[in-house]
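>>> Build me a model from this:
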Amino acid sequence: MDPTPAIPALDLFSLKGQNVLITGATRGIGAACAIALAQAGASICLVQRPPTSTNDSSAESLSTYNTLRALNAHVEIIHCDLSDLSEVRTLFDKALTIMGGEIHILVNCAGIQRRAPSVDFPEGDWNDVLSTNLTVPFLLSQAAGRHMVPLRRGKIINFCSLLTFQGGLTVPAYAAAKGALGQLTKALSNEWSKENVQVNAICPGYIDTDMNAKLLADPVRLRQISERIPAGRWGKPEDFAGPVVFLASKASQYVCGELLVVDGGWMGR
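From the prediction side, this is the model:
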């Protein structure tokens, strides 16, 4: 592994000249991360669902895209239905073509949630959650590794969860997927750190995003959760700007297989 460069500390966080492929950046945490990476100087390739008459992906995509363009960032959009693994298997190579043959940083931020008591949890929901939250990051990381390892450089950042460590309630598939993603992060790091490819993960706590809309709308669960967070508030997407830039940059050169918890102190209770 290359040593941390002997340059001024703030320069360690620069991402100038770096190309990022990021999933899940239409809104929430992913959008905040894409913006932060662009602000640090990176060029961004956004992965978005193909727009159809039944979703608003096009509007969401343009919102993030326009924000990045306003920063004078180089940004491209690549459409891919992450529920279709045949499309996912070709995604990284397509991104390489769009970004001029170079991807330096992969951020796996896309995820879905399904809630139901475990005794009633539908098998179809189980398969959907495991596919999007675990199989897709594996396939993209595998493709990234094939590109990055021979070049002896690269960063892969997975988005895990508090449920990487805890079981949660009525979310068996999500807990299983995020727990496995944490172990996958360590497994890939064990193989690729010596090849100068750092693989790490960020584990969000309770964050005010669409995925947690049901919890935020439940006064009892909202109070129970809020009272347990030492920081005294739910997280915001912007709370991930610093962590993602850190893990994407040379500032984290000797950070390998880390599950960085960003949770307002929840796990410390």
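>>> Centre of the protein to the edge, which residue is at the far end?
Of all residues in the chain, Val119 has its C-alpha farthest from the mean position, at 29.8 Å, by CA atoms, centre = their mean.
>>> isn't Ile207 right next to Trp234, touching?
Yes: with contact defined as CB atoms under 8 Å, Ile207 counts as touching Trp234 (6.3 Å). Using the backbone N, CA and C atoms, a C-beta is placed for each residue, glycine as well.
>>> any idea how far the residue farthest from the centre of the chain is from Thr170?
As defined by CB to CB, to the nearest Å, Val119 lies at a distance of 10 Å from Thr170.
>>> what does Phe240 give?
Distance from Phe240 to Thr170, by CB to CB: 25 Å.
>>> ok, the two, which is more surrounded?
Phe240 (23 against 13; other CB atoms under 10 Å).
>>> Distance check, the more buried one against Arg89.
For Phe240, the distance to Arg89 - CB to CB - is 28 Å.
>>> And the pLDDT for Arg269?
Confidence at Arg269, expressed as pLDDT, is 87.
>>> Also Leu184?
The model's pLDDT for Leu184 equals 98.
>>> hang on, isn't it packed against Ser141?
Yes: assessed by CB under 8 Å, Leu184 is found in contact with Ser141 at 7.5 Å.
>>> excluding its backbone neighbours, what's nearest Val75?
Sequence neighbours aside, Leu68 is the residue nearest to Val75 in space, at 4.2 Å (criterion: CB to CB, 6 or more residues apart in numbering).
>>> residues contacting Arg115?
Arg115 sits next to Thr170, Val171, Lys214 when contact means CB atoms under 8 Å, 6 or more residues apart in numbering.
>>> Kindly give the local confidence score, pLDDT, for the first one.
I take that to be Thr170. pLDDT, Thr170: 94.
>>> and it, how far is that from Asn158?
From Thr170 to Asn158 the distance is 24 Å (CB to CB).
>>> May I see the contacts of Arg115 organised as TSV, with secondary structure and distance to Ile103 added?
Shown next, in TSV, are the contacts of Arg115 (DSSP: H, G, I helix; E, B strand; the rest coil; distance: CB to CB, whole Å):
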residue	secondary structure	distance to Ile103
Thr170	coil	37
Val171	coil	32
Lys214	helix	35
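>>> Need the per-residue pLDDT for Asp218.
Per-residue pLDDT puts Asp218 at 84.
>>> Pull the number of nearby residues for it.
12.
>>> tell me the contacts of it?
Counting by CB under 8 Å, 6+ apart, Asp218 touches no other residue.
>>> For Leu184 and Ser141, list the residues in contact with both.
Residues touching both Leu184 and Ser141 (CB under 8 Å, 6+ apart): Asn158.
>>> To what extent is the residue nearest to Gln39 when sequence neighbours are not counted buried, counted in neighbours?
Spatial nearest neighbour of Gln39, excluding adjacent residues (CB to CB, 6+ apart): Leu71 at 6.2 Å. Leu71 has 11 neighbours, counted by other CB under 10 Å.
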